[in-house]
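# I'll drop the sequence and a predicted model, then ask my questions.
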Amino acid sequence: MIQTSDKQKFSYRDTLKSMDTEEHIDLAFYRPIGYMWACMAAKLGIKPNAITIASIFLGIAAGVMFYFTPLWMNITGMLLLIWANSFDSADGQLARMTKQYSRLGRILDGLSGDMWFAAIYIAICLRENATSEFFSAHPWVIWTIAVVTGICHAKQAAMADYYRQFHLYFLKGEQGSELESADALRKKLDEIPAKGNFWKRLVLKVYTNYTVNQEQHTRNMQRLRTQLKASFPNTFASQSFRDEFRRLSLPLMKYTNILSFNWRVIALFTALFLRMPWLYFAFELTVLNILLIYMVIRHERICKKLTEKLRNGEYQN
């Protein structure tokens, strides 16, 4: 247990988002290691964003190592990527310990993973063009596949994060979730003077666009949010509604976890051990896209069902 002030003490369990949304591999491996890093950082006065930035460099270095064909270099890259993800776990755990939350931190956290995988994608493309007879004869093919896969990857990660935050919103309340509204973010952006606030406005604009993209693919979820405001104008939501939402949403959390880091990396490492890195692209384009579509359909049905019940006057306080 670490003490961050005279009044606050945080145990390992306090640094977790929730047991509903944690993935088994994270609980068994990354979260304990992340907690160790977070405790060390708290004692040294290191900020969460500094850990996130360090993870970016580690992840990019891992990607570089995947360009080379010797297996020992690939294994070195795997270890670097595991190290990077332990830092990615630590920054969130440290933020929860020290209450150092920020939109910049949330953006950096998402950007770090994007930069890791951008480096990995580039390394795979260069490697396949250098070693594969087919791809060296048709170099545009692997790059096209990589771009399409990257777009799908971004969509998968964004939606998994959004559904996880929505679940936390009803499980732990507004303070326990990072769920945002695009309309509210636009209003905040309009309130920030343009003069002298370039970077602040840029960060908020990027985050607003990210949220808009999430909302565009969750129409029924947005209708549910609107109906909740109408049904509970003076309160957050009734406990009966929150319990029902959790019951319906909890089985979907395993899909958000599959669409996150760990299962992607298992597929990536398997492809590297098989000496066929392109198989990783095939995994993301097929297995993960099928899971994404299934998860969106299921979640939208849940939101539609709950919206209708709210309109019928159920789940009153």
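Now that the structure is in, tell me what you want to look at. Residues are numbered from 1 along each chain as shown.
# residue ranges for the strands of this structure, please.
Counting by DSSP state E, the chain has strands at residues 2-3, 9-10.
# any idea which of the ones you listed scores lowest on pLDDT?
When these are compared by mean pLDDT, strand 2-3 comes last with a mean of 49.
# Hmm, Asn209 and Arg186 touching each other?
No: contact criterion C-beta atoms under 8 Å: Arg186 and Asn209 do not qualify, at 10.3 Å. All C-beta atoms are positioned from the backbone trio N, CA, C, and that covers glycine.
# what about these two, which has more around it?
Comparing Arg186 with Asn209 by neighbour count (other C-beta atoms under 10 Å), the higher total belongs to Arg186, at 15 against 12.
# Which residue, other than its chain neighbours, is closest to that one?
Leaving out its chain neighbours, the residue that sits closest to Arg186 by C-beta to C-beta, 6 or more residues apart in numbering is Thr208, at 6.1 Å.
# count of neighbours near the one you found?
Neighbour count for Thr208, taken as other C-beta under 10 Å: 20.
# now it: how far from Leu189?
6 Å (C-beta to C-beta, to the nearest Å).
# Which positions in the longest helix along the chain come out as buried?
Longest helix in the chain by number of residues (criterion: DSSP state H): helix 139-172. By 16 or more other C-beta atoms under 10 Å, the buried positions in helix 139-172 come out as 141-143, 145-146, 149-150, 152-171.
# swap in stretch 219-237?
Neighbour counts using 16+ other C-beta under 10 Å place Asn220, Met221, Gln222, Arg223, Leu224, Arg225, Gln227, Leu228, Ser231, Phe232, Ala237 of stretch 219-237 among the buried residues.
# what's the closest of the residues you listed to Leu80?
Met221 (36.8 Å; C-beta to C-beta).
# Tell me if I'm right that the closest one and Cys303 touch.
Yes: with contact defined as C-beta under 8 Å, Met221 reaches Cys303; the gap is 4.7 Å.
# okay, now Ala130: neighbour count?
Using other C-beta under 10 Å, Ala130 has 12 other residues around it.
# show me where the stretch 151-300 of the chain has helices.
Here the stretch 151-300 of the chain has its helices, by DSSP state H, counting those that start in this stretch, at 182-191, 198-216, 219-231, 239-249, 253-258, 261-273, 278-283, 289-311.
# Which other helices and strands does the first one contact?
In terms of contact count using 3 or more C-beta pairs under 8 Å, 6 or more residues apart in numbering; DSSP states H and E, helix 182-191 is assigned the packing partners helix 198-216.
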